[in-house]
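Peer 1: dropping a prediction and its sequence here:
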Amino acid sequence: MPIVVVCNSDGSKAITGFSAVGNNSDTIKKMARDLKKDLKANPALIAGGAVAEKAPDKEEAAEEAEEQDDVLVESREWTNSKNKNITAAVISVNQLSVTFLMKGNKQVKYPLAKLSPESQAELRKLIK
């Protein structure tokens, strides 16, 4: 009985699985493509191992950030030095880095030097 099981990066938790029994090759390919889309939309699944029904959208990320007591700035768009947008709330900031609260309550420390001058200026106003 062929079975496909997808695990997190260290193999400690199953993310999902499906059986080839009773499914034709087109159905199995569709299941694999759908899983690939889910993993691209929520890469934390690979590290975390839990299956999310869908990746949180910007509104959900903002709601999660607002629920955090220690948020300095609500979730919004920040721009990095390569002109790419980062949607995140701000947990803390110092002279060298900012700690963003990303989707799924993931905290990411990010160097201020890698942000646009405008984003840096806004964040530097928060430094006490």
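Peer 2: Now that the structure is in, tell me what you want to look at.
Peer 1: need the pLDDT of residue 115.
Peer 2: For residue 115, the pLDDT comes out at 95.
Peer 1: any idea how far residue 109 is from the residue nearest to it when sequence neighbours are not counted?
Peer 2: Here the nearest residue to residue 115 in space, its sequence neighbours aside, is residue 80; by Cβ to Cβ, 6 or more residues apart in numbering that works out to 5.5 Å. Every C-beta, even on glycine, is put in place using the N, C-alpha and C of the backbone. Using Cβ to Cβ, to the nearest Å, we find residue 80 at a distance of 14 Å from residue 109.
Peer 1: same check, this time on residue 81
Peer 2: In this structure, residue 81 lies at 16 Å from residue 109, with Cβ to Cβ as the measure.
Peer 1: try residue 42
Peer 2: Applying Cβ to Cβ, the value for residue 42 to residue 109 is 20 Å.
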